[in-house]
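**Student:** Sequence plus the predicted model coming up.
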Amino acid sequence: MKNGKVSSSICFRRWTRKNFAAFANLGKVVKIGVLVAGFSMINSTIAKGENTLVKDSLSSDRELELKEVTVTGSKVESLQGLTTTQQVISKRDIERLPIVGLESALKQSTGIDIRERGTRGVQADLSIRGGSFDQSLIFLNGVNFTDSRTGHQNLSLPIDIEIVDKINLLHGLTTPGAITGAINLITATSEKSYLNAEVSAGQFGYQLYRLNGNYHFESTNLFAAVSQKKSDGYVANTDFETTNAFIHIRHTCPRLGQFDLQTGYQVKAFGANAFYTLAYPNQYERTRTAIASLGWNKILDKIVLTSNVNYKRVYDKFQMKDINKTFYHRTDDYGASFLTTYYSSIGKTFLGADYKLSHIYSNNIGDSIASRISVPGETNAFYYLEKQRETANIFIKQRVNVSDLQVEGDINYAITSFGDDILWGLNASYELLSWLNVTANANHNIRIPTFTDLYYKSATQISDPNLKLENSTSFDLGLDTKIGNIDASASVFSRRINEMIDWVKYTPTDKWRAINYAEMNTTGIEASVSISFEKYIKTIALNYTHLNSDNPAGTWISKYALCYLRDKLVASTQIAITDKLMLGIVGTYWNRNDSFSEVSGSQYNYLSYFTLDSKITWSEKHYTLKIEGSNLTNTKYFDFGGLIQPGTWINGGIIFKL
């Protein structure tokens, strides 16, 4: 924003070795002109209003000039705790490392398990710290677009990884549904106008075409992106075609405040080879997803008002061709939120409320309706079942800074169709030394069963409409440090879930049944270290996670809850061979718990395995050439029992930058 655009803005032209955290308590838009910095790391999330705390960094003798940025508040900030935000991947990592989609980007993080049925964004389940795929939330630019029918659909958003600036992993939330945490995807933001295009092709008939651009004019920013990718499949019935369109508009009005509009649409069709049951492998699925949200932010001296309304609709057509069954679903999720943030000398006070209404039409899920409804685009297909539910959440949070100790606590009152509950959270961060922080977190949360948990029935599955909501209590203790060019962190955590929902078989040849376990306990450790260099080797990073859960299933066969990653080790490096030639390498060791059953009823243990991915790029001013390879070790592995994942997959392309 230019000077004079917002009357309550304050412009700092220069500062050296001052406490930047003071800006967070001003309750105003803060403009930083030319910054002479006596430190080398400022969290870029500040510019997006997503920081939870901003602290002085290690001092050095270097002085940097940073371009002007604007600091404001946002809805997401109230969701995050002092110790809960972890950046999974940055824009630079996405450009340099062998990242072929959102799923491969998420795999870089400690504590995240991505189980793919179909590759390259076809379908994948997100698990955080050993939880199930339904126990985490998905945010896009701070807006909750989590699917109420099934977590299988959560990552099917109309964006490509190439337009994502960064991904944040959020722990310790008290937002209902975030038992294990949440992912916040932050798309590209820029004050420059540009246009990018990419054409890529590779093995298995893979093709990718994408176009995105940004137009910035005074107080308005318009970003738009379209893409299409498809493949003939790596084995029979794994072909896919995905089309995405996304628009994000930001506008600042001096009198009315800031407005944020995003909307997107995705069409995805794919061969779902044995995705949901090995008994009838000839499956096919087609989904259409539409999202939209409108946000508003207004600064009134020491008070910031933030509101958002959002909507998501998903059409799903799933065919089991072997038994001539077709299931149709239409899910609508409506959301609204309002937040008031008050800035004072002791910190920030948040007071807010969230509301969500979820509705489904189906021929397989819900209760009977009086008159059947035709399925759009289909012949002789009807919805004759429906279900609806509502969730409301009222919360207050206080964030306090006392010298080197920073503490926050929050209390939520959640109102659901399954009963009400009081949710709470307590976070603390203490600067033990100038280079060492100690963090702690405790929270209590709940999760409502999905429509699938409650009502879905098929030839191989039996749901339970009497399932109880899950409730969890989690604890986390961590250390993080930065010494020179070395960043490191470690944490230990535990989680107890009462009424844990899972799908089980009593015998290998039985149907899957939705049940509640009385209790399930999980403990784990996470550790990461990264070293940055200025010359040939740009970065070296290591991330490790170890998990352990008890076995509430006993002799029953668990489909999800016990199939967690017991051990995961990720090693990556970025090497500048020349000024223009960059090599990125990622090696990952996977050790999954539990076993899986074949159609015959035979049980097989998941075997540990190693995969190696690589990417090489040649960058010029207006274009970049790339060649990337996945699973270069040609490892045979399963994320889900019986669903073989691709062997070596090579593709290359060119990116034009205008």
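**Tutor:** Good, I have the coordinates.
**Student:** can you count the residues close to residue 543?
**Tutor:** 21 (other CB atoms under 10 Å). Where C-beta positions appear, they are placed from N, C-alpha and C, glycine not excepted.
**Student:** Make 70 the first number, not 1, from now on.
**Tutor:** Sure, I'll start counting at 70 from here, so that last one is residue 612.
**Student:** mind exporting the helix or strand harbouring it as CSV, just the C-alpha atoms?
**Tutor:** Using DSSP states H and E, residue 612 falls within strand 606-618. Output of strand 606-618 as CSV, limited to C-alpha atoms (Å, rounded to 0.1, in the frame of the first residue of the first chain):
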residue,chain,number,x,y,z
ILE,A,606,25.7,-27.1,-1.6
LYS,A,607,22.8,-24.7,-0.7
THR,A,608,21.1,-26.9,1.9
ILE,A,609,21.3,-30.2,3.6
ALA,A,610,18.3,-31.3,5.7
LEU,A,611,17.3,-34.3,7.8
ASN,A,612,13.9,-35.0,9.4
TYR,A,613,13.0,-38.0,11.5
THR,A,614,9.8,-39.2,13.2
HIS,A,615,9.1,-42.2,15.5
LEU,A,616,5.6,-43.1,16.6
ASN,A,617,4.2,-45.7,18.8
SER,A,618,0.5,-46.5,19.5
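**Student:** what does the helix or strand just after it rub up against?
**Tutor:** Going down the chain from strand 606-618, the next helix or strand is strand 626-627, by DSSP H and E. Outside of strand 626-627, the residues that reach it under the criterion CB atoms under 8 Å, 6 or more residues apart in numbering are 571-577, 663-664, 666, 672.
**Student:** Return the distance of strand 626-627 from the chain's centre.
**Tutor:** Remark: strand 626-627 is offset 27 Å from the chain centroid, using CA atoms, centre = their mean, to the nearest Å.
**Student:** mind listing the helices in the protein by residue range?
**Tutor:** For the chain, helices defined by DSSP state H occupy the ranges 144-148, 160-165, 171-175, 520-524.
**Student:** Nearest to residue 722, out of those?
**Tutor:** helix 160-165 (13.0 Å; CB to CB).
**Student:** Which other helices and strands does the closest one contact?
**Tutor:** Using 3 or more CB pairs under 8 Å, 6 or more residues apart in numbering; DSSP states H and E as the contact test, the elements touching helix 160-165 are strand 233-239, strand 678-688.
**Student:** Paired strands for the longest one, with orientation please.
**Tutor:** Just to be clear, that refers to strand 678-688. Strand 678-688 sits in its sheet next to strand 650-661 (antiparallel), strand 692-699 (antiparallel), going by DSSP bridges.
**Student:** pLDDT of that strand, averaged?
**Tutor:** Averaging pLDDT along strand 678-688 gives 97.
**Student:** Give the buried residues for it.
**Tutor:** Buried residues in strand 678-688, defined by neighbour count with 16 or more other CB atoms under 10 Å: 678, 680-686, 688.
**Student:** Also stretch 457-468?
**Tutor:** Buried residues in stretch 457-468 (16+ other CB under 10 Å): 458, 460-462, 464, 466-468.
**Student:** thinking again about what came up before, among the contacts of strand 626-627, which lie within strands?
**Tutor:** Within these, residues falling in strands by DSSP state E are 571-574, 664, 666, 672.
**Student:** re the thing from before, residue 612: which of the contacts of strand 626-627 is nearest?
**Tutor:** Checking the contacts of strand 626-627 one by one against residue 612 (CB to CB), the nearest turns out to be residue 663, at 22.5 Å.
**Student:** pretty sure residue 698 contacts residue 167?
**Tutor:** Yes. Counting by CB atoms under 8 Å, residue 698 touches residue 167, with 6.9 Å between them.
**Student:** where do the contact lists of these two overlap?
**Tutor:** Counting by CB under 8 Å, 6+ apart, the residues touching both residue 698 and residue 167 are 682-684.
**Student:** and of those, the nearest to residue 204?
**Tutor:** So of the shared contacts of residue 698 and residue 167, ranked by how close each gets to residue 204 (CB to CB), first place is residue 682, at 27.6 Å.
**Student:** ok, that closest one - contacts?
**Tutor:** Residue 682 makes contact with 166-167, 173, 654-657, 697-701, according to CB under 8 Å, 6+ apart.
**Student:** does it have beta-bridge partners, and which?
**Tutor:** On the basis of DSSP bridges, residue 682 is bridged to residue 655.
**Student:** From residue 699, how far off is it?
**Tutor:** 5 Å (CB to CB, to the nearest Å).
**Student:** try residue 187
**Tutor:** With the distance defined as CB to CB, residue 187 ends up 14 Å from residue 699.
**Student:** And residue 478, by the same measure?
**Tutor:** Distance of residue 478 to residue 699, given as CB to CB: 44 Å.
**Student:** For residue 273, give me its contacts.
**Tutor:** Residues near residue 273 by CB under 8 Å, 6+ apart: 300-303, 715, 718.
**Student:** The same query, at a cut-off of 6 Å, please.
**Tutor:** 300-301, 303 (CB atoms under 6 Å, 6 or more residues apart in numbering).
**Student:** is it true that residue 342 touches residue 308?
**Tutor:** No. Residue 342 is beyond contact range of residue 308, at 9.4 Å (criterion: CB atoms under 6 Å).
**Student:** gap between stretch 321-329 and the chain center?
**Tutor:** Its chain's C-alpha centre and that of stretch 321-329 lie 28 Å apart, by CA atoms, centre = their mean.
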